[in-house]
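Engineer: everything below, folded, please.
(one chain, ligands or ions: 1)
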Amino acid sequence: MEDLSDIRKEIDSIDTQIVELFKRRMSCADAVATYKRAHNLPVLDRSRERELLARRAAQVPEDMKVYTEVLFELLMEASRNRQGERLGAGGDTVEKIRDALARSPELFPRDAYVACQGVEGAYQQIATDRIFRHANIGYFDTFDAVFRAVEENYADFGVLPIENSTAGSVNQVFDLMMRHNFHIVRTCRLKIDHNLLAKPGCGLEDVRHIYSHEQAINQCGEFLSSLRGVTVHACENTAMASKMVAESERRDVAALASRACARIYGLDVLASGVQDQGNNYTRFACISKDLVIYPGANRSTFMLVVNHEPGALYKVLAKFYDLDINIIKLESRPIPDRDFEFMFYFDIDCPAASPEFFTLVRSLESTCEEFRYLGSYSEVI
Ligand SMILES: O=C(O)C(=O)C[C@]1(C(=O)O)C=C[C@@H](O)C=C1
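Structural biologist: Next up is the predicted model:
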């Protein structure tokens, strides 16, 4: 058996040669970039990549083909990234981000006209008051209307729930993201305590019908199943449920909502903190029409579609790993009218002005079938 230190010597010698060859290959990438700039050609050339991978795989025995492909895919990715850097702009999105970083205001606005779904007392309102000091809030019936108010410049910002620590993502909002143009400028993480609210003088034993938003109902499953002879009804949101209860003539109705709703609608708290998990948080996104990146932005969101082929998502995930960028959230939603094709949403943890962020954006934009950058922001807690 060969001695380990002898084998390592051989590896070192091979690696030294590989590095020299790698340097030569990367200078070819520089030359290609110069040529492509002069001839206005895109960095990515899929047919050339396919042909190159097939030729290199044909050079090795069967049991080494996969490794060879992995190696050359990595080499071409490095080559593409290098070309992107050389070409300066490196894709429309990097250019847009640089521009936004240069012209965005130093301070997050204190006053604004903000669109929210629901009525006064909704958790969106509480989140809005955390994000802005003096928000003038316009209430809309649906999440879609909030997106439209922002898109059509009717409101400066919109605040929408995106996920809850117990009930998961707010799918309706994720699906609407595919249909609207907007950017995320801030997120807010709010602790949610649900309470059972009823008209003054009513007791728990009177309650036969409970109204709330679907997400709140899902977050209070254990409490609700402990009640006998009660029917649960889903409605637009928790504040609307409280309003309905307050305006109802009946004494057997109650709402699951915030304490703020009890104050606003003159209701009594029959039971407090009735959510299953004590640590129940909801994250809200504050959206604007234009891309604005306020100082301190250390998170970003992308939407992307990967090619329908084995390993496509794995290759995207490898890019984050290579750049040591942490993925905070990964969500997938079916794309309407496309059979089993999915839109992937990534939230990542990485300062917006860092070089690895630009490399990531450049690389995703040049390889994904569809790519949309939704913004960079910080989170208010
Ligand atoms: O040949 C090219 O056009 C290149 O840009 C070089 C290269 C490579 O590194 O081999 C890189 C990117 C292209 O997608 C194809 C191939």
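Engineer: drop to CA atoms for contacts and neighbour counts, all remaining ones
Structural biologist: Will do.
Engineer: please name every helix or strand in contact with the longest helix seen in the chain.
Structural biologist: For the chain, the helix with the greatest residue count under DSSP state H is helix 4-38. In terms of contacts (3 or more CA pairs under 8 Å, 6 or more residues apart in numbering; DSSP states H and E), helix 4-38 is packed against helix 65-86.
Engineer: next SSE after the helix it packs on?
Structural biologist: Sequence order places helix 92-103 as the next helix or strand after helix 65-86, per DSSP states H and E.
Engineer: contacts for that next one, please.
Structural biologist: 89, 291-294, 353, 358, 361-362, 365, 373 (CA atoms under 8 Å, 6 or more residues apart in numbering).
Engineer: do the same with stretch 112-124
Structural biologist: Outside stretch 112-124, the residues touching it (CA under 8 Å, 6+ apart) are 125, 128, 132, 134-143, 145-146, 149-150, 155-161, 236-240, 258, 260-261, 264, 284.
Engineer: what's the span of that stretch, first residue to last?
Structural biologist: End-to-end distance for stretch 112-124, by CA to CA, to the nearest Å: 15 Å.
Engineer: same question for that stretch, mean pLDDT?
Structural biologist: Mean per-residue pLDDT for stretch 112-124: 88.
Engineer: next one: stretch 213-232
Structural biologist: Stretch 213-232 comes out at a mean pLDDT of 92.
Engineer: buried residues in it, which are they?
Structural biologist: 213-220, 224, 230, 232 (16 or more other CA atoms under 10 Å).
Engineer: any idea how far apart the tips of that stretch sit?
Structural biologist: 10 Å.
Engineer: how far is that stretch from where the chain is centred?
Structural biologist: 29 Å (CA atoms, centre = their mean, to the nearest Å).
Engineer: now do it: everything it contacts.
Structural biologist: Counting by CA under 8 Å, 6+ apart, residues outside stretch 213-232 touching it are 166-167, 170, 194, 207-212, 234-238, 241, 256-257, 274-277.
Engineer: can you select the buried ones among the residues you listed for me in ChimeraX?
Structural biologist: Applying 16+ other CA under 10 Å to these, the buried members can be selected in ChimeraX as follows:
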select :166,167,170,194,207,208,209,210,211,212,236,237,238,241,256,257,274,275,276
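Engineer: kindly export stretch 236-251 (C-alpha atoms) in CSV.
Structural biologist: Taking C-alpha atoms only, stretch 236-251 is exported to CSV below (Å, rounded to 0.1, in the frame of the first residue of the first chain):
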residue,chain,number,x,y,z
GLU,A,236,-61.6,38.4,6.1
ASN,A,237,-59.5,39.2,9.1
THR,A,238,-59.5,39.4,12.9
ALA,A,239,-60.5,43.0,13.2
MET,A,240,-63.5,42.6,10.9
ALA,A,241,-64.5,39.6,13.0
SER,A,242,-64.4,41.8,16.1
LYS,A,243,-66.4,44.6,14.4
MET,A,244,-69.0,42.0,13.3
VAL,A,245,-69.3,40.7,16.9
ALA,A,246,-69.6,44.3,18.3
GLU,A,247,-72.3,45.2,15.8
SER,A,248,-74.2,42.0,16.1
GLU,A,249,-77.5,41.8,18.1
ARG,A,250,-76.7,38.2,19.1
ARG,A,251,-75.1,37.3,22.4
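Engineer: for it, what is the average pLDDT?
Structural biologist: On average, stretch 236-251 scores 92.
Engineer: re the thing from before, state the pair within the contacts of helix 92-103 that is farthest apart.
Structural biologist: Spatially, the most separated pair among these is Tyr294 and Glu365, at 22.8 Å (CA to CA).
Engineer: which outside residues touch stretch 9-27?
Structural biologist: Taking CA under 8 Å, 6+ apart as the rule, stretch 9-27 contacts 79, 82.
Engineer: in it, what's buried?
Structural biologist: So stretch 9-27, judged by 16+ other CA under 10 Å, has buried residues Met26.
Engineer: follow-up on the earlier one: now intersect the contacts of stretch 213-232 with the helices, please.
Structural biologist: 238, 241.
Engineer: so which of the contacts of stretch 213-232 are in strands?
Structural biologist: The strands, defined by DSSP state E, take in 209-212, 234, 256-257 from those.
Engineer: these: which ones sit near the ligand?
Structural biologist: Counting by CA under 6 Å from any ligand atom, nothing from the ones in strands among the contacts of stretch 213-232 sits close to the ligand.
Engineer: make a markdown table out of those residues and add distance to Val119.
Structural biologist: Listed next are the ones in strands among the contacts of stretch 213-232 as a markdown table, based on distance: CA to CA, whole Å:
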| residue | distance to Val119 |
| --- | --- |
| His209 | 21 |
| Ile210 | 18 |
| Tyr211 | 15 |
| Ser212 | 13 |
| Ala234 | 16 |
| Leu256 | 15 |
| Ala257 | 12 |
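Engineer: let me know the closest of the residues you listed to the ligand.
Structural biologist: Taking CA to the nearest ligand atom as the measure, the ligand lies nearest Ala234 of the ones in strands among the contacts of stretch 213-232, at 51.0 Å.
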